[in-house]
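> what's the 3D shape of this:
(2 chains)
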Amino acid sequence: QQQVKQSPQSLIVQKGGISIINCAYENTAFDYFPWYQQFPGKGPALLIAIRPDVSEKKEGRFTISFNKSAKQFSLHIMDSQPGDSATYFCAASPVVAAGNKLTFGGGTRVLVKP
Amino acid sequence: AAGVIQSPRHLIKEKRETATLKCYPIPRHDTVYWYQQGPGQDPQFLISFYEKMQSDKGSIPDRFSAQQFSDYHSELNMSSLELGDSALYFCASSIRRDSYNNEQFFGPGTRLTVL
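Okay, the predicted model is just below:
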């Protein structure tokens, strides 16, 4: 049972367009929600993260929107560039629980066409 | 900035052999996590350590064991390897004392191939 559900599985966007990836979670103990970017054969790289006390966080071209009541959060990539072509994972964890393990969504493969 | 170091980067083993993966966390990071990522899949949590003590345990087979040493580096020991153990193994590290966030920084991974 996937505790964090991510959609879509893949996404094609034109250069300059907006990429939108959505995630939903079940576990109400989750209170830390990061997004990771992964290139083939590389380790996941932390992009941006949010806590439930804010509804939106923006860093450069990346924005997280968070809806606590709906238990959903999303990543928006503005002005998408070919270099953004990668797999994006949302994740969630409780902050204070032992180990603070990350539970990942299934990933979204993004392809930005020039 | 220093990153998480993993060694070896690639490892090829035969079935039923053993393997040891090493992880060196970012300096001053006190928590280490191990994740396994199969082809086209998301990373799956295996085990974590905080201050040399096991902190949490996920879907780690009994054939696997791990520990964290006094210098905070960690080793994942895998015995009786099976074909299904072929995957990318990532180590991540974080500062547990930063209780507001749970920023985990991943290493480049070890690609294990079991033949």
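> Spell out which parts of chain A neighbour chain B.
A:32, A:34, A:36, A:41-46, A:49, A:51, A:89, A:93, A:95-107 (CB under 8 Å from any CB of the partner chain). Quick note: C-beta positions are derived from backbone N, CA and C, even for glycine.
> Which members of these are positioned in strands?
Residues of these located in strands (DSSP state E): A:34, A:36, A:45-46, A:49, A:89, A:103-104.
> Buried members of those residues into ChimeraX, please.
What follows is the ChimeraX syntax for the buried subset of those, where burial is set by 16 or more other CB atoms under 10 Å in any protein chain shown:
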select /A:34,36,49,89,103,104
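> low-scoring stretches of the chain, by residue?
In the absence of a named chain, chain A is used. In the prediction, chain A carries residues with pLDDT under 70 at positions A:1, A:96-99.
> Chain B was what I was after
Across chain B, the ranges flagged by pLDDT under 70 are B:97-100.
> Count the neighbours of B:Gly40 for me.
One way to gauge burial is a neighbour count; for B:Gly40, by other CB atoms under 10 Å in any protein chain shown, it gives 10.
> Might you name the residue of chain B sitting closest to chain A?
B:Asp56 (2.4 Å; CB to the nearest CB).
> about what we covered before: got the ones in strands among the residues of chain A next to chain B as TSV, with distance to B:Trp34 columns?
As requested, those are arranged in TSV below (distance: CB to CB, whole Å):
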residue	distance to B:Trp34
A:Pro34	18
A:Tyr36	16
A:Ala45	18
A:Leu46	17
A:Ala49	21
A:Phe89	17
A:Thr103	15
A:Phe104	14
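> what's the farthest-apart pair in the ones in strands among the residues of chain A next to chain B?
The largest separation in these, counting by CB to CB, is between A:Ala45 and A:Thr103 at 18.1 Å.
> From the centroid of chain B, which residue is nearest?
Nearest to the geometric centre of chain B sits B:Trp34, at 3.0 Å (CA atoms, centre = their mean).
> tell me the contacts of it?
Residues counted as contacts of B:Trp34 (CB atoms under 8 Å, 6 or more residues apart in numbering or on different chains) are B:23, B:45-48, B:60, B:66, B:74, B:76, B:89-91.
> Next, give phi and psi for the residue of chain B closest to chain A.
Main-chain dihedrals, B:Asp56, degrees, to the nearest 10: phi -150, psi 160.
> Surely it is in contact with B:Ile47?
Yes - counting by CB atoms under 8 Å, B:Asp56 touches B:Ile47, with 7.1 Å between them.
> Those two: who's more crowded?
Summary of the neighbour comparison: B:Asp56 and B:Ile47, criterion other CB under 10 Å, with B:Ile47 having more neighbours (24 against 17).
> how near is that one to B:Met53?
Relative to B:Met53, B:Ile47 is positioned 12 Å away (CB to CB, to the nearest Å).
> Now B:Phe49: which helix or strand?
Assigning secondary structure by DSSP states H and E places B:Phe49 in strand B:44-50.
> Show me what that strand is packed up against.
Judged by 3 or more CB pairs under 8 Å, 6 or more residues apart in numbering or on different chains; DSSP states H and E, the packing partners of strand B:44-50 are strand B:31-37, strand B:53-57, strand B:64-68, strand B:74-78.
> All good on my end, thank you.
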